[in-house]
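output the structure for:
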Amino acid sequence: NHLATWIRMGLPMPEDSPNTGRTSAETPHWAFQPIQNPSPPAVRPSDWSLRGMDPFILKGLEEQKL
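Residues are numbered from 1 along each chain as shown. Just a heads-up that it's a prediction; the model follows:
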């Protein structure tokens, strides 16, 4: 089993593996960002929205000209 062997070896990383010196918490990944509560964007027609997420979806569709 390759996984067990790798663990017994002390979990060495490949030599060609990039090491940026940064932890995952320092990256701009969405999961590490503070929780936000943005206001829904203004869209037309405004009565198109049935749920709280709908204005965000419609805005994205408009930006993509769909």
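
centroid-nearest residue for the protein?
With distances taken as CA atoms, centre = their mean, the residue of the chain nearest its centroid is residue 30 (4.1 Å).

from residue 36, how far out is that residue?
Applying CB to CB, to the nearest Å, the value for residue 30 to residue 36 is 11 Å. Placement of C-beta: from N, CA and C, glycine included.

ditto for residue 42
To residue 36, residue 42 is 18 Å away according to CB to CB.

okay, the two: which has more neighbours?
residue 42 (8 against 5; other CB atoms under 10 Å).

excluding its backbone neighbours, what's nearest that one?
Sequence neighbours aside, residue 55 is the residue nearest to residue 42 in space, at 7.7 Å (criterion: CB to CB, 6 or more residues apart in numbering).

check which residues of the helix or strand hosting that neighbour are buried.
Assigned by DSSP states H and E, residue 55 belongs to helix 54-63. Neighbour counts over helix 54-63 (16 or more other CB atoms under 10 Å) mark 55, 58 as buried.

and that helix, what other elements does it pack with?
Here helix 54-63 touches no other helix or strand, going by 3 or more CB pairs under 8 Å, 6 or more residues apart in numbering; DSSP states H and E.

off-centre distance for it?
Computed by CA atoms, centre = their mean, to the nearest Å, the chain-centroid distance of helix 54-63 equals 18 Å.

and what of stretch 50-66?
Offset of stretch 50-66 from its chain centre (CA atoms, centre = their mean): 19 Å.

got the contact list for it?
Under the contact criterion CB atoms under 8 Å, 6 or more residues apart in numbering, stretch 50-66 has outside partners 40, 41, 42, 43, 48, 49.

in the chain, where is pLDDT below threshold?
Applying pLDDT under 70 to the chain flags the ranges 16-27.

quick one: the helices in it?
2-8, 54-63 (DSSP state H).

neighbouring contacts of the shortest one?
Here helix 2-8 makes contact (CB under 8 Å, 6+ apart) with residue 12.

gap between that helix and the chain center?
On the basis of CA atoms, centre = their mean, helix 2-8 sits 30 Å off its chain's mean C-alpha point.

what are the buried residues along it?
Result for helix 2-8 [16+ other CB under 10 Å]: no buried residues.
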